[in-house]
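[1] After the sequence you'll find the predicted model.
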Amino acid sequence: MSDTSTKTITAVFSTREAADLAVEHLVQIQGIDRADVFVQTSGPDNSSGTDVSGGDAATVDEEERDDASLASAIEVSADIAATQEAAVRSAFEEMGATDVAAS
C-alpha cells in the first residue's frame, strides 16, 4: 500500500536569495507545482531576510545600503506528497535552510 497523503514542509532561510534558489530547486528539479510553493517572511514585517546577499549587497560605489529591510527570515513552504518529504528536506538543507519541519 502506498502513502498518498500530503504534507506541508516548511523551512527558514536567512536570505531572500537562498529562499529563491530553494523555490527554483523544488519546481525545476523536484517537479513540485509552483502553485504549491509559498514564500513569506517569518515575522510581521516586510523583509529581505536577516543577512545581506545578492542584490541587497552594496556595490563598489556604495558604502552601505539601507533600502533592503533585514527584519525577519524568509519562510518557504510546500504542499507535497508524503513520499517527497525526504527529497524536499534534503533540497531545503542543501540550499541553507534552518528549522525544517513537516506537518
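    Received it, and whenever you're ready, just let me know what you need.

[2] And E85, how far from E94?
    15 Å (Cβ to Cβ, to the nearest Å). (Glycine included, C-beta is placed from N, CA and C.)

[3] Compare these two and say which one has the larger neighbour count.
    E85 (14 against 11; other Cβ atoms under 10 Å).

[4] What strand or helix carries that one?
    Element membership for E85 (DSSP states H and E) is helix 85-94.

[5] Just the buried positions in the helix or strand that comes right after that helix, please.
    Under the assignment DSSP H and E, the closest C-terminal helix or strand after helix 85-94 is strand 98-102. Using 16 or more other Cβ atoms under 10 Å as the test for burial, strand 98-102 gives V100.

[6] Counting by contacts, list what strand 98-102 packs against.
    strand 6-13, helix 85-94 (3 or more Cβ pairs under 8 Å, 6 or more residues apart in numbering; DSSP states H and E).

[7] between those, which gets nearest to H25?
    Set against H25 and scored by Cβ to Cβ, those come closest in helix 85-94, at 4.9 Å.

[8] re earlier: tell me the most buried of the helices and strands packed on strand 98-102?
    Stretch with highest mean neighbour count among the helices and strands packed on strand 98-102: strand 6-13 (a mean of 20; mean count of other Cβ atoms under 10 Å).

[9] quick check: angle from that strand to strand 98-102?
    Between strand 6-13 and strand 98-102, the angle comes out at 170 degrees (axes from the mean of the first three to the mean of the last three Cα atoms, to 10 degrees).

[10] quick one: average pLDDT of strand 6-13?
    Strand 6-13 shows a mean pLDDT of 94.

[11] Likewise for stretch 94-103?
    The average pLDDT for stretch 94-103 rounds to 90.

[12] hmm, who's touching that stretch?
    With contact meaning Cβ atoms under 8 Å, 6 or more residues apart in numbering, stretch 94-103 is reached by 7-15, 18, 21-22, 25, 73, 76, 85, 89, 92-93.

[13] Quick one: end-to-end length of that stretch, please.
    Start and end residues of stretch 94-103 are separated by 20 Å (Cα to Cα, to the nearest Å).
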